[in-house]
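Chemist: can't give you the sequence, but here's the structure:
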Ligand SMILES: Nc1ncnc2c1ncn2[C@@H]1O[C@H](COP(=O)(O)OP(=O)(O)O)[C@@H](O)[C@H]1O
Ligand SMILES: [Mg+2]
């Protein structure tokens, strides 16, 4: 590949002309590769930008919003929380273990580059049904890969999601969120400030990894040729990443870094052009100084290699020796590969040849931008009109409860979460299994609460509501832990944006997410867009995944998702005949149809206020949001969590199956010790949230009116569903 | 009388080193951070090799770390009859270094496993179990991919005969059953000691089991035993 | 008839081999300064019952490429060991 | 002169091999009913610079037995590959 033709690299004719007019000449190989990588969908957000711009990004709590490696939120006491969600679905589809592992590595470096120590991972995952061997292979590989990488580097995986849908066969969705902490006054930025400062490449050697991966692999639809794009998959080295984390933390603590940027998509080109563009500077690069893993790499390969486990540091010349000493201590290679200039250009030399000279801004900021055509999918209205609420009720309600509880979407994810270290670093107050993970801020009683949520069925039926529900549910989960929702990050997983239906879904999802975030006061601090998740013309369901951050002042007051004996059970919020897109309809009726539940932001916000207020006054014993599977599942999870049964009756006059399985939004199930009943009901009144007393906890049986089962029975169904699907037909390899 | 000190060695890839230092402090001792390239233990009374993935667990867990410069000091400390504790990866390193018998191979399930388990104390004749009674049941977390304890038949018999098995996986009631064995370890072995009794290794993480806000508290017994035996030795 | 094979699975050329690299980097500190290009792979031994040498080898190859290795990142070689009983 | 060796590391006979067993158990479900006795080990390739064939092999053997394999649980074999440049 000596003369990469621009089309093979994914540039259109118009884009190529734009490069020519920027440079006033034809680009050479290296320059072409740089533009192709930086102007790919993955790096330039060319199809999504116009929509993302509408999202609310401001708030007094936001220290750094979208546009940097990760968002940063002020969580009080001089501490900053850095967080970001990212997708690694495409590599995971062809090599699940390494694809997912390197996904963890990449998002960790995003957080690290803000100067924060990575303290937690969450992994929202979507697969096709486990009845198919291929999907079992994908799940097993992805989970083992995330586990191997996260466990090895000592960052706990404290939450996530695992959901299943036919639309994800062939196209799994692998998102990973990383959370980091730093003193607010010690954040580092990805800026190449200070003319004369040195650019130091720290970490792994550069090889021919993922050359063109950005433009070719991530930005094109998977097809038969995917099998041949093999070299684009990479092998992660978590050990090296661990050294990189420790070395960077030591450099930051010693104040030795002017700037820090990870090398991700588009490699050195992206890191240098973005950090120079942000600072309004330029950079001279000596490609001959880049430590190479393979001999004879061409300039374009060195410039766009996506080799993992590398960081670019901006260093004052007089501090270079100290920087190198720290790298040496941790056994890391470091090399001065360039310096900051005031030219505004990225100029790269290899030997005595200038191999590239292009304006930094043209790469980083002036990429193409498209307002692609939008069109609602045909037959959506028909689908929406088919409301499963009108279907016949199940003949056996008790059986229905057990089936929903044993549905892989709802059932215990222990098989997955046991493969993750969720306690290393010693601050995990609540990990997998809680509605939100709760992480103590070391040495204080304060904690952050974290949740990731997304609902593919809702997104499929109404992408606006799907994304809005993702925000609402994530905030509700955080509020159920007693924490105030503060801000979100997100990952938008969609099909091919060049198809008007997909682009319509995307636009609607962004609109829904924006409206929900505005209404709930949780601005968007960053995120990631993953397009082209489709095979042939069958795309994944529109999957907006939201990562919510909240704060609680005293983690000891955080309600647990577990009933204790002798408590009073309440349902908060109102239940309507809403089973469109519900777990119930899919499991019992085989239908994903109708409209998703309505969402009234005012009611939603009121519920959160009540939960946070009640927790802070220590009147909540347990809390669990109502989501997939409705009240039935929320009650069961609380009973399983605390090994404690209950006897309740549901309010209102809905038919029993709707009362049990409706997924009406803005609801939660809580329990309260008898002494706090009055105080709690008064708070409900005060916050204007309907509070219905359902019954009491205690004993080994779970009784919901006429439906009766034992906790042991429920546990068996809940715990064995996924292992039964996996282990009875496990494949090794 | 001064506070007993425990050196915690950080190898490249150690993860629970900070957690171990914190636990030592919470239990009333003083932790001393030691780097793998150091050649002495900073005069510490005891040494703890922490959990994690030294050298990425590449090749074989603990294999490369066993060659670290600090290991000469650890050997000397052990030879002098002073307390050495290996937790998880630290246990693997002690086995690789020949300071403990046996080896740890991949879990029977082939998957990493993180869960709370119970272990039964089999002997009080170590500085880390002196405050316990044989038969006591401790709740502690495990988190490892290669924790299946193996040894050849002769070594196993010797271990049993000499009372060198320190912990066994068991139920909450202390029964040693196959179901209570999380990784396939021979005879449910979770931890062993050397002949002299001063070197102990175990797969569970006592340092993650001292603070009730974040976990169970079964690890307190090990630290209490150690710290009081050190205080006893000093008086 | 039973035949025993050795399947050697190695990472494709050009891919980073973190294990090999880490072993290689640590050798000089252990006193071996003359060892290089370390690559770590997998070795799988298996016995195949087949009517002929070729049929058995075909099965071994199929198992190797479909189950033991992911051709996206790994190469596979198959050695036949002395005929097993 | 440089020589390349292949070091084959396998679990000792008496030890149950969890990886081998898992592979073996999954074979019939994938349609292979004629494959048995699966053992999974490690393959390490390395290059040794030495004055003579024997010197190089001695080094390889030393690295193999002292680092690459743990004699408590593993057996090791060393194959010399075609002479490297
Ligand atoms: N892939 C995963 N990694 C870690 N934790 C997970 C994962 N999948 C699910 N969990 C955890 O399991 C619990 C239940 O998941 P889910 O049903 O999505 O929660 P919720 O209904 O509260 O949103 C949560 O605590 C979640 O964090
Ligand atoms: Mg939820």
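Modeler: Sure, I can see it. Bear in mind that the values here come from a model prediction, so they are computed numbers and not experimental data. Ligands and ions are numbered 1, 2, ... in the order given.
Chemist: what is the burial count for residue 191?
Modeler: Just so you know, I chose chain A. Look at residue A:191: counted by other Cβ atoms under 10 Å in any protein chain shown, it has 21 neighbours. In this view, the C-beta of every residue, glycine as well, is placed from N, C-alpha and C.
Chemist: wait, chain B was what I had in mind.
Modeler: Other residues lying near residue B:191 total 31 when counted by other Cβ under 10 Å.
Chemist: the residue in chain B positioned nearest to ligand 2: what secondary structure?
Modeler: Relative to ligand 2, the nearest point of chain B is residue B:114 (21.9 Å; Cβ to the ion). What DSSP: H, G, I helix; E, B strand; the rest coil gives for residue B:114 is strand.
Chemist: surely it touches residue A:421?
Modeler: Yes: assessed by Cβ atoms under 8 Å, residue B:114 is found in contact with residue A:421 at 5.4 Å.
Chemist: just want to know which of the two has more residues nearby.
Modeler: It is residue A:421, of residue B:114 and residue A:421, that has more neighbours when counted by other Cβ under 10 Å, with 30 against 26.
Chemist: where's the more buried one relative to ligand 2, distance?
Modeler: 23 Å (Cβ to the ion, to the nearest Å).
Chemist: what secondary structure does that residue sit in?
Modeler: Three-state call for residue A:421 (three-state DSSP): coil.
Chemist: for residue A:449, what are its contacts?
Modeler: A:436-439, A:477-478, A:481-483, A:549-552, A:558 (Cβ atoms under 8 Å, 6 or more residues apart in numbering or on different chains).
Chemist: tell me who's in contact with the residue of chain B closest to ligand 2.
Modeler: By Cβ under 8 Å, 6+ apart, residue B:114 lies in contact with A:417-423, B:141-143.
Chemist: so how far is residue A:520 from it?
Modeler: 33 Å (Cβ to Cβ, to the nearest Å).
Chemist: spit out the residues that contact residue B:114 and residue A:421 alike.
Modeler: Residues touching both residue B:114 and residue A:421 by Cβ under 8 Å, 6+ apart: residue B:143.
Chemist: which of the contacts of residue A:449 fall within strands?
Modeler: Here DSSP state E is the test, and these give A:437-439, A:549-552 as lying in strands.
Chemist: out of these, which comes closest to residue A:108?
Modeler: When these are ranked by distance to residue A:108 (Cβ to Cβ), residue A:439 comes first, at 15.9 Å.
Chemist: any idea how far the closest residue to residue A:362 other than its chain neighbours is from residue B:199?
Modeler: Distance criterion Cβ to Cβ, 6 or more residues apart in numbering or on different chains; nearest residue to residue A:362, sequence neighbours excluded, is residue A:22 at 4.8 Å. For residue A:22, the distance to residue B:199 equals 67 Å [Cβ to Cβ].
Chemist: more neighbours, those two?
Modeler: More crowded of residue A:22 and residue B:199, by other Cβ under 10 Å: residue B:199, with 28 against 17.
Chemist: contact partners for the closest residue to the more buried one other than its chain neighbours?
Modeler: The spatial neighbour of residue B:199 that comes closest, neighbours along the chain excluded (Cβ to Cβ, 6+ apart), is residue B:84 at 4.4 Å. Contact partners of residue B:84, counting by Cβ under 8 Å, 6+ apart, are B:46-49, B:74, B:77-78, B:94, B:99, B:198-200.
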